[in-house]
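[1] model this:
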Amino acid sequence: MEIKILGTGCPKCNTLEKVTREVIADLGIDANITKVDDIVEIMAYGVMRTPGLVIDDKVVISGRVPSVNELSKLLNNKN
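    Numbers count the residues shown, from 1 in each chain. Predicted coordinates for the structure are as follows:
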């Protein structure tokens, strides 16, 4: 699974990255997590509000940090 965290380094972006890494570890999912902080690349995904979460090249969340439960469901459904 390819996961991208879209964000320029704001607190919410950092929180999304931290929570995503924790959920991946807890679920034992094999995933490659990349942080994307280039605004042009972020906008190429159509994300105008960060943070954004991209799973296998599909934007699944934009502009907010999901709950751990919501993130777990998203990642389990993609796994």
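[2] Please enumerate the strands of this structure.
    Remark: strands assigned in the chain by DSSP state E are 2-6, 32-36, 52-55, 58-62.
[3] Export the ones you listed as a markdown table, with columns for mean pLDDT.
    Shown next, in a markdown table, are those (pLDDT from 0 to 100):
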| stretch | mean pLDDT |
| --- | --- |
| strand 2-6 | 97 |
| strand 32-36 | 96 |
| strand 52-55 | 96 |
| strand 58-62 | 96 |
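[4] Need those strands in JSON lines (columns: distance to residue 71 and mean neighbour count).
    The way it works is simple: take the backbone N, C-alpha and C, and place the C-beta from them, glycine included. Converted to JSON lines, those look like this (distance: least, C-beta to C-beta, whole Å; neighbours: other C-beta atoms under 10 Å):
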{"stretch": "strand 2-6", "distance to residue 71": "10", "mean neighbour count": "20"}
{"stretch": "strand 32-36", "distance to residue 71": "12", "mean neighbour count": "13"}
{"stretch": "strand 52-55", "distance to residue 71": "8", "mean neighbour count": "22"}
{"stretch": "strand 58-62", "distance to residue 71": "8", "mean neighbour count": "15"}
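[5] Would you tell me which of those gets closest to residue 17?
    Distance to residue 17, taken as C-beta to C-beta, is lowest for strand 2-6 among the strands of the chain, at 4.6 Å.
[6] Please name every helix or strand in contact with the closest one.
    helix 11-27, strand 32-36, strand 52-55 (3 or more C-beta pairs under 8 Å, 6 or more residues apart in numbering; DSSP states H and E).
[7] Many thanks, have a good one.
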